[in-house]
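Colleague: Prediction below, plus the sequence it came from.
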Amino acid sequence: MKSLQRSVRLCIAGISLGLAANAIAQTSVEYTFYNDPFYLSDYVTDPAAVINKGLKQYEWQVVEQSPGLVQALLDHKGYKLRLNIHYSDSKIWFDEVSAENNNCSKKPCEVEQRHIDRWRMGLRRGIAKAITDEAVKDAYNAVYSNK
(Lines give C-alpha, C1' and ligand atoms only; values in the text may rest on other atoms or scores of the structure.)
Protein backbone atom coordinates (compact mmCIF):
# COMPACT_ATOMS: atom_id res chain seq x y z
CA MET A 1 0.00 0.00 0.00
CA LYS A 2 2.86 2.40 0.88
CA SER A 3 4.49 1.68 -2.45
CA LEU A 4 1.24 2.51 -4.28
CA GLN A 5 0.87 5.78 -2.37
CA ARG A 6 4.47 6.68 -3.14
CA SER A 7 3.96 5.92 -6.84
CA VAL A 8 0.83 8.07 -6.95
CA ARG A 9 2.64 10.95 -5.24
CA LEU A 10 5.56 10.70 -7.68
CA CYS A 11 3.14 10.67 -10.62
CA ILE A 12 1.31 13.73 -9.28
CA ALA A 13 4.62 15.53 -8.68
CA GLY A 14 5.80 14.67 -12.20
CA ILE A 15 2.56 15.86 -13.77
CA SER A 16 2.72 19.10 -11.73
CA LEU A 17 6.29 19.77 -12.83
CA GLY A 18 5.38 19.05 -16.43
CA LEU A 19 2.42 21.43 -16.32
CA ALA A 20 4.52 24.13 -14.66
CA ALA A 21 7.27 23.78 -17.28
CA ASN A 22 4.67 23.96 -20.05
CA ALA A 23 3.12 27.10 -18.53
CA ILE A 24 6.54 28.75 -18.29
CA ALA A 25 7.35 27.82 -21.89
CA GLN A 26 4.05 29.24 -23.14
CA THR A 27 4.45 32.53 -21.29
CA SER A 28 8.10 33.11 -22.22
CA VAL A 29 8.81 36.11 -24.39
CA GLU A 30 9.65 35.45 -28.02
CA TYR A 31 12.57 37.92 -28.16
CA THR A 32 16.24 37.21 -27.95
CA PHE A 33 18.38 39.51 -25.88
CA TYR A 34 19.73 41.39 -28.89
CA ASN A 35 16.28 41.85 -30.38
CA ASP A 36 14.53 43.00 -27.19
CA PRO A 37 12.77 46.30 -27.83
CA PHE A 38 13.55 49.51 -26.01
CA TYR A 39 10.34 50.97 -24.58
CA LEU A 40 10.41 54.76 -24.71
CA SER A 41 9.10 57.36 -22.30
CA ASP A 42 7.82 60.85 -23.07
CA TYR A 43 11.30 62.38 -22.82
CA VAL A 44 12.34 60.68 -26.08
CA THR A 45 10.69 63.03 -28.55
CA ASP A 46 12.68 61.95 -31.62
CA PRO A 47 13.43 58.20 -31.69
CA ALA A 48 15.26 58.50 -35.04
CA ALA A 49 17.75 60.96 -33.53
CA VAL A 50 18.39 58.62 -30.60
CA ILE A 51 19.01 55.74 -33.01
CA ASN A 52 21.38 57.85 -35.13
CA LYS A 53 23.40 58.87 -32.04
CA GLY A 54 23.77 55.22 -31.05
CA LEU A 55 24.80 54.25 -34.57
CA LYS A 56 27.50 56.96 -34.73
CA GLN A 57 28.97 56.00 -31.37
CA TYR A 58 29.75 52.46 -32.55
CA GLU A 59 30.62 53.32 -36.18
CA TRP A 60 27.49 51.94 -37.81
CA GLN A 61 26.28 53.61 -40.99
CA VAL A 62 22.77 54.55 -42.01
CA VAL A 63 22.07 52.90 -45.37
CA GLU A 64 18.55 54.22 -45.71
CA GLN A 65 16.14 56.01 -43.42
CA SER A 66 12.39 56.37 -43.74
CA PRO A 67 9.67 57.13 -41.19
CA GLY A 68 9.61 54.26 -38.72
CA LEU A 69 12.68 52.47 -40.13
CA VAL A 70 16.46 52.90 -40.14
CA GLN A 71 18.49 50.45 -42.20
CA ALA A 72 21.94 50.14 -40.62
CA LEU A 73 25.22 48.64 -41.78
CA LEU A 74 28.41 47.81 -39.90
CA ASP A 75 31.39 47.15 -42.19
CA HIS A 76 34.18 46.10 -39.85
CA LYS A 77 37.23 43.87 -40.33
CA GLY A 78 35.81 42.09 -43.36
CA TYR A 79 32.42 41.52 -41.81
CA LYS A 80 29.26 43.21 -43.00
CA LEU A 81 26.30 43.20 -40.67
CA ARG A 82 22.94 44.66 -41.70
CA LEU A 83 20.03 45.45 -39.39
CA ASN A 84 16.63 47.03 -39.72
CA ILE A 85 15.87 49.23 -36.74
CA HIS A 86 12.16 49.99 -36.46
CA TYR A 87 10.78 52.72 -34.26
CA SER A 88 7.56 54.33 -33.12
CA ASP A 89 6.78 56.87 -30.42
CA SER A 90 6.64 54.11 -27.83
CA LYS A 91 9.46 51.68 -28.74
CA ILE A 92 12.53 50.80 -30.81
CA TRP A 93 13.02 47.23 -32.04
CA PHE A 94 15.48 45.36 -34.24
CA ASP A 95 15.46 42.84 -37.10
CA GLU A 96 18.65 41.17 -38.25
CA VAL A 97 18.87 41.24 -42.04
CA SER A 98 22.21 39.65 -42.91
CA ALA A 99 25.73 38.95 -41.76
CA GLU A 100 28.61 38.27 -44.15
CA ASN A 101 32.29 37.47 -43.82
CA ASN A 102 34.13 38.82 -46.86
CA ASN A 103 37.65 37.97 -45.68
CA CYS A 104 37.86 34.30 -46.54
CA SER A 105 39.04 32.39 -49.57
CA LYS A 106 36.30 29.74 -49.83
CA LYS A 107 32.72 30.95 -50.22
CA PRO A 108 30.28 30.75 -48.45
CA CYS A 109 32.10 31.99 -45.38
CA GLU A 110 31.06 31.38 -41.82
CA VAL A 111 30.27 34.34 -39.64
CA GLU A 112 31.36 33.98 -36.04
CA GLN A 113 28.32 34.54 -33.85
CA ARG A 114 30.40 35.97 -31.02
CA HIS A 115 31.43 38.87 -33.27
CA ILE A 116 27.85 39.54 -34.31
CA ASP A 117 26.72 39.43 -30.69
CA ARG A 118 29.46 41.84 -29.60
CA TRP A 119 28.72 44.36 -32.37
CA ARG A 120 24.98 44.24 -31.80
CA MET A 121 25.54 44.66 -28.06
CA GLY A 122 27.63 47.73 -28.79
CA LEU A 123 24.83 49.17 -30.91
CA ARG A 124 22.30 48.51 -28.14
CA ARG A 125 24.62 50.22 -25.65
CA GLY A 126 24.93 53.25 -27.91
CA ILE A 127 21.18 53.58 -28.29
CA ALA A 128 20.63 52.97 -24.57
CA LYS A 129 23.16 55.70 -23.76
CA ALA A 130 21.39 58.12 -26.11
CA ILE A 131 18.07 57.32 -24.40
CA THR A 132 19.70 57.85 -20.99
CA ASP A 133 21.07 61.21 -22.15
CA GLU A 134 17.52 62.25 -23.07
CA ALA A 135 16.30 61.18 -19.62
CA VAL A 136 19.06 63.19 -17.91
CA LYS A 137 18.21 66.28 -19.99
CA ASP A 138 14.54 65.89 -19.11
CA ALA A 139 15.29 65.51 -15.41
CA TYR A 140 17.65 68.50 -15.45
CA ASN A 141 15.04 70.65 -17.20
CA ALA A 142 12.34 69.54 -14.77
CA VAL A 143 14.45 70.55 -11.78
CA TYR A 144 16.11 73.74 -13.01
CA SER A 145 13.66 75.26 -15.48
CA ASN A 146 11.15 76.07 -12.69
CA LYS A 147 13.56 78.31 -10.76
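Modeller: Cool, got the structure. Everything numeric in this text was worked out from a predicted model, so none of it was measured.

Colleague: For the closest residue in space to L55 that isn't next to it in sequence, give me phi and psi.
Modeller: Nearest residue to L55 in three dimensions, chain neighbours excluded: A72, at 5.7 Å (C-beta to C-beta, 6 or more residues apart in numbering). All C-beta spots, glycine's among them, are computed from the backbone N, C-alpha and C. Main-chain dihedrals, A72, degrees, to the nearest 10: phi -120, psi 150.

Colleague: how about the helices of the chain, start to end?
Modeller: Secondary structure of the chain (DSSP state H): helices located at 2-27, 47-57, 113-144.

Colleague: weakest of these in terms of mean pLDDT?
Modeller: When the helices of the chain are compared by mean pLDDT, helix 2-27 comes last with a mean of 51.

Colleague: W60 contacts L74, correct?
Modeller: Yes. Counting by C-beta atoms under 8 Å, L74 is a contact partner of W60 at 4.9 Å.

Colleague: Tell me which of these two has more neighbours.
Modeller: W60 (26 against 22; other C-beta atoms under 10 Å).

Colleague: who touches both of W60 and L74?
Modeller: Common neighbours of W60 and L74, using C-beta atoms under 8 Å, 6 or more residues apart in numbering, are L123.

Colleague: list the contacts for the nearest residue to K53 once chain neighbours are set aside?
Modeller: Leaving out its chain neighbours, the residue that sits closest to K53 by C-beta to C-beta, 6+ apart is A130, at 3.9 Å. Going by C-beta under 8 Å, 6+ apart, A130 touches A49, V50, I51, K53, G54, Q57.
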